[in-house]
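>>> coordinates for the following, if possible.
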Amino acid sequence: MSARNRELFGLIPASLLVTAGFAGVFIQRSNALSNVSLIYGAIFLGLCLAGHVFIRVTLPHADPYMFPLVALLASFGIVMVYRIDATLARQQAQWFVLGLVLFAVTIVAFRDYRKLERYRYTIVVVSLGLLLLPRLPGIGYQANGAYLGVRIPGLFVFQPTEFAKIGLVVFLASYLRDTRQVLVIGARRILGVTIPPIKHFGPVIVIWGIAMLILLVLHDIGSSLMFYGGLLAVLYVATGRVSFVVVGILAFAVGAWYLGAHIQHVNARVEAWLHPFDPKLYSAPLGSYQLANSIFAQAAGGMFGQGFGQAVLTLPNGGPLLPAPQTDMIYAVITDELGLFGAAAVLLTYLLFVARGFKTALLARDSFSTLMATGLTAVFALQVFVIVGGVTRVIPLTGVTLPFISYGGSSIVANFVLLALLLLVSDRARKPA
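Residues are numbered from 1 along each chain as shown. Now for the predicted structure:
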């Protein structure tokens, strides 16, 4: 079976999941089965088929599994958001369509994506500007102590960090392609640790500063970790030096510790993470109420879950038992209703996508393609780790969205652009010489 036909058959589970998911919601709400679920499944399958046909025409040699995996995650996300709020699910579906459109536009506009190297400094300046937009008066807005989004009055709200992550990866891939040999040759051993030459280690210092600036200005732990982790992944692949990564991790740890001790918002997040059931923190602003209830929800799910639509999200008086279930806490809702097995299935789907992304990096024929695919895949994987780790109390809780599943237009659109760039690299790598 050809690669494109495998991709086509891989879309069937996604449409079946939409049909079964909406049928489950209808049965749970009204104890009756409606043919509307079949209509929704058919519409979703039609959209996915349109994307498949476009890939078949423009990228005939691209990886055949990435797009079906994304379709599966997106379909599951729409069903979960619909189970929480039907209005938000309709908006999510609209963002899904827009994401497909920008997916196609990215492939057409950057058919030869290597041209992006020429504009790396323009790209990094624009990306830095996007990061600072949430702090601009009049358009930036604050949520739970962090400056995450930009509000265009009367139009929409978006999170610029979702798009900035792609631009920063492109810049790093381009810069390190040119300087990786200098970094390795000019490295010196100090106290048994290999240190790269400061003269050519500028981007690492700059990105470290960006990560600290995000903590300081935006109060956003998750984005800081995501950006810096992507930098270290690209740096390691470019140079092959573990010591560079170790130095980077130590620098990040020292900077995060210092800022965490001096920034009230970050310190509150850390205290809530360390003591989620402390009565003093439970009801405090930016306290541990959300984290503690997410732990209770996951515990209630057990191995096989309470059943789809059975999680309790609101209190009898109408207040939220699990705040932000459609965004930050959607993984807790999944675990509550589908259990450990359902949550593991979601994580396995993400792992499969990440594996295909790294395989694309391995197959790439030039350094820039390898580094860009590595960085994009690493940032995607870290985004999953940050939100799942926060909900499961592995790391402090942050406001990063779960890609393709959490409600959020910026996230789903930006990740479709990320997918398009990975498929462009894959198509060029797999194309016969």
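>>> which helices and strands does the biggest helix by length in the chain pack with?
For the chain, the helix that runs over the most residues, judged by DSSP state H, is helix 330-363. Packing contacts for helix 330-363, counted by 3 or more C-beta pairs under 8 Å, 6 or more residues apart in numbering; DSSP states H and E, involve helix 66-84, helix 289-301, helix 367-391, helix 409-430. Any C-beta I mention is one placed from the backbone N, CA and C, and that applies to glycine too.
>>> what about these, which gets the closest to G149?
helix 409-430 (7.7 Å; C-beta to C-beta).
>>> what's the angle from the closest one to helix 66-84?
Angle, helix 409-430 to helix 66-84, by axes from the mean of the first three to the mean of the last three C-alpha atoms, to 10 degrees: 160 degrees.
>>> average model confidence for helix 409-430?
Averaged across helix 409-430, pLDDT comes to 93.
>>> helices or strands up against that helix?
Packing partners of helix 409-430 (3+ C-beta pairs under 8 Å, 6+ apart): helix 66-84, helix 86-109, strand 156-158, helix 161-185, helix 330-363, helix 367-391.
>>> reformat these as JSON lines; add mean pLDDT, distance to S224 and mean neighbour count.
As requested, these are exported to JSON lines (pLDDT from 0 to 100; distance: least, C-beta to C-beta, whole Å; neighbours: other C-beta atoms under 10 Å):
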{"stretch": "helix 66-84", "mean pLDDT": "91", "distance to S224": "25", "mean neighbour count": "24"}
{"stretch": "helix 86-109", "mean pLDDT": "91", "distance to S224": "25", "mean neighbour count": "17"}
{"stretch": "strand 156-158", "mean pLDDT": "70", "distance to S224": "19", "mean neighbour count": "16"}
{"stretch": "helix 161-185", "mean pLDDT": "82", "distance to S224": "10", "mean neighbour count": "22"}
{"stretch": "helix 330-363", "mean pLDDT": "94", "distance to S224": "20", "mean neighbour count": "20"}
{"stretch": "helix 367-391", "mean pLDDT": "93", "distance to S224": "10", "mean neighbour count": "24"}
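>>> may I see these organised as JSON lines, with distance to F304 added?
As requested, the helices and strands packed on helix 409-430 are arranged in JSON lines below (distance: least, C-beta to C-beta, whole Å):
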{"stretch": "helix 66-84", "distance to F304": "17"}
{"stretch": "helix 86-109", "distance to F304": "25"}
{"stretch": "strand 156-158", "distance to F304": "37"}
{"stretch": "helix 161-185", "distance to F304": "34"}
{"stretch": "helix 330-363", "distance to F304": "4"}
{"stretch": "helix 367-391", "distance to F304": "19"}
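>>> coming back round to it: turn the helices and strands packed on helix 330-363 into CSV, including distance to L274.
Listed next are the helices and strands packed on helix 330-363 as CSV, based on distance: least, C-beta to C-beta, whole Å:
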stretch, distance to L274
helix 66-84, 29
helix 289-301, 10
helix 367-391, 13
helix 409-430, 28
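>>> those: which one's closest to T239?
So among those, helix 367-391 is nearest, using C-beta to C-beta, at 10.7 Å.
>>> what's the angle between the closest one and helix 409-430?
140 degrees.
>>> quick one: distance of helix 367-391 to the chain centre.
The chain centroid and the centroid of helix 367-391 are separated by 8 Å, computed with C-alpha atoms, centre = their mean, to the nearest Å.
>>> which secondary structure elements does it contact?
So helix 367-391, by 3+ C-beta pairs under 8 Å, 6+ apart, packs with helix 161-185, helix 221-239, helix 289-301, helix 330-363, helix 409-430.
>>> alpha carbons only: can I get the last one in PDB?
Output of helix 409-430 as PDB, limited to C-alpha atoms (Å, rounded to 0.1, in the frame of the first residue of the first chain):
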ATOM      1  CA  GLY A 409      -7.800  29.000  18.400                       C
ATOM      2  CA  SER A 410      -4.200  30.200  18.600                       C
ATOM      3  CA  SER A 411      -3.000  26.800  19.600                       C
ATOM      4  CA  ILE A 412      -4.700  24.800  17.000                       C
ATOM      5  CA  VAL A 413      -3.900  27.200  14.200                       C
ATOM      6  CA  ALA A 414      -0.200  27.600  15.100                       C
ATOM      7  CA  ASN A 415       0.200  23.800  15.500                       C
ATOM      8  CA  PHE A 416      -1.200  23.300  12.000                       C
ATOM      9  CA  VAL A 417       1.500  25.600  10.700                       C
ATOM     10  CA  LEU A 418       4.000  23.500  12.700                       C
ATOM     11  CA  LEU A 419       2.600  20.400  11.100                       C
ATOM     12  CA  ALA A 420       2.900  21.900   7.600                       C
ATOM     13  CA  LEU A 421       6.600  22.700   8.100                       C
ATOM     14  CA  LEU A 422       7.300  19.200   9.300                       C
ATOM     15  CA  LEU A 423       5.500  17.700   6.300                       C
ATOM     16  CA  LEU A 424       7.500  20.000   4.000                       C
ATOM     17  CA  VAL A 425      10.700  18.700   5.500                       C
ATOM     18  CA  SER A 426       9.400  15.100   5.300                       C
ATOM     19  CA  ASP A 427       8.500  15.400   1.700                       C
ATOM     20  CA  ARG A 428      11.900  16.700   0.600                       C
ATOM     21  CA  ALA A 429      13.600  14.000   2.700                       C
ATOM     22  CA  ARG A 430      11.600  11.100   1.300                       C
END
